[in-house]
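**Q** Need a 3D model of the following:
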Amino acid sequence: MNLQATLDELRAQRDKIDQAILILEGLNGSGPRTAPSFAFKRTPKAAKKPRRVSNALRPTSGRTGAKGKRGETRGRVETYLKDHPKATQGEIGRALGISQATAGYHLTQIRKGRT
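**A** Next comes the predicted model:
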């Protein structure tokens, strides 16, 4: 290896170390805070494109969901329970096309007498 190339490399590393020490001293409050010239530069992230959502998927006023008017799901759960009194949350959800959590929520509301 060439001696001059080794010296140049060591000097460059020394400059980076000196700049890092200055920054650390600045963070500690014991010296000036300057940005190093060797700082790792982040590549700028591409701006996120706004995600297009069809009008059918956008929320509407009046709290109507994809399945219909407000309160319709609870009625569907009640009707299903009349026909299948031993049905589990998961079975209700699968049969009605709703999540198990939604089925559980409506079962709780029905049990509390909130219809």
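**Q** The lowest-mean-pLDDT helix or strand in the chain packs against which elements?
**A** Each helix and strand of the chain was given a mean pLDDT (mean pLDDT, DSSP states H and E); the minimum falls on helix 3-28 at a mean of 83. Packed against helix 3-28, as judged by 3 or more CB pairs under 8 Å, 6 or more residues apart in numbering; DSSP states H and E, are no other helices or strands. The way it works is simple: take the backbone N, C-alpha and C, and place the C-beta from them, glycine included.
**Q** Flag every buried residue along the helix or strand just after that helix.
**A** Reading on from helix 3-28 to the C-terminus, the next helix or strand found by DSSP states H and E is helix 72-83. Of the residues in helix 72-83, 73, 74, 76, 77, 80 count as buried by neighbour count, 16 or more other CB atoms under 10 Å.
**Q** which SS state does residue 114 fall under?
**A** coil (DSSP: H, G, I helix; E, B strand; the rest coil).
**Q** Could you measure from it over to residue 98?
**A** Between residue 114 and residue 98 the computed distance is 17 Å (CB to CB, to the nearest Å).
**Q** Which of those two has more residues huddled nearby?
**A** Set side by side, residue 114 and residue 98 show unequal neighbour counts under other CB atoms under 10 Å, the larger going to residue 98 at 19 against 9.
**Q** Wasn't that one part of a strand?
**A** No: secondary structure assignment places residue 98 outside any strand; it is coil (three-state DSSP).
**Q** Could you check how far it is from residue 14?
**A** 66 Å.
**Q** now residue 4
**A** For residue 4, the distance to residue 14 under the criterion CB to CB works out to 15 Å.
**Q** Equivalent analysis for residue 48, please.
**A** In this structure, residue 48 and residue 14 are separated by 41 Å, where distance is defined by CB to CB.
**Q** Who has more neighbours out of the two?
**A** Between residue 48 and residue 14, counted using other CB under 10 Å, the more crowded position is residue 14 (10 against 6).
**Q** Can you give me the distance of the more buried one to residue 105?
**A** Using CB to CB, we find residue 14 at a distance of 65 Å from residue 105.
**Q** what stretches of the protein score poorly on pLDDT?
**A** 1, 28-46, 51, 53-70, 115 (pLDDT under 70).
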